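K.L.:
model this:
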Amino acid sequence: RKGERDMVAMYHELVVRLANGSYERRTATLIEYADPKGATAMARTVGVTAAIAARLVLEDASKFQAGVQRPLSKEWYDPMLQLLEDEGIRLDERAEPASAEGAAAL
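P.N.:
Okay, the predicted model is just below:
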């Protein structure tokens with residue numbers, strides 16, 4: 001309806017065990033609101049991400065393997081996160097010490 005805006009919210013929380021045996025809680029949060037005079041938040045977060053992925057492949061296809069890709073390698077996520085931030089879509093990442101008990105709770 002007129003005057004309404006959508007919002008995209010994403011939250012990841014992981015507890016990881018580091019090489020030295022200690023634990024760390026890592027969180028990533030994204031909150032994106034629609035532009036009242038432009039695209040919806042869903043259109044921006046999905047469409048801009050897809051466009052950036054296509055751009056990365058077109059600029060240097062030799063960096064990426066053939067077929068469907070998951071953004072789990074630095075070749076994908078480092079430039080992707082930077083280019084998304086350049087578009088005003090920012091993932092807030094934080095890390096803090098955690099305990100083994102905290103890891104078991106997740």
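K.L.:
how about the strands of the chain, start to end?
P.N.:
7-17, 23-33, 92-98 (DSSP state E).
K.L.:
Just name the most buried of those strands.
P.N.:
Of all the strands of the chain, strand 23-33 has the most neighbours on average by mean count of other CB atoms under 10 Å, namely a mean of 15. C-beta: built from backbone N, CA, C; applies to glycine.
K.L.:
State the pLDDT value of residue 105.
P.N.:
Residue 105 is assigned 69 on the pLDDT scale.
K.L.:
Output the below-cut-off pLDDT ranges for the protein.
P.N.:
For the chain, the stretches with pLDDT under 70 are 102-103, 105-106.
K.L.:
buried residues in the longest helix seen in it?
P.N.:
Longest helix of the chain, by residue count under DSSP state H: helix 74-86. Residues of helix 74-86 classed as buried under the neighbour-count rule (16 or more other CB atoms under 10 Å) are 76, 79-81, 83-84.
K.L.:
So what sits opposite the residue nearest to residue 12 when sequence neighbours are not counted in the bridge?
P.N.:
Closest residue in space to residue 12, ignoring its immediate chain neighbours: residue 28 at 4.4 Å, by CB to CB, 6 or more residues apart in numbering. For residue 28, the beta-bridge partners are residue 12, residue 93 (DSSP bridges).
K.L.:
and the longest helix of the chain with strand 92-98, angle?
P.N.:
Orientation check (axes from the mean of the first three to the mean of the last three CA atoms, to 10 degrees): helix 74-86 against strand 92-98 gives 120 degrees.
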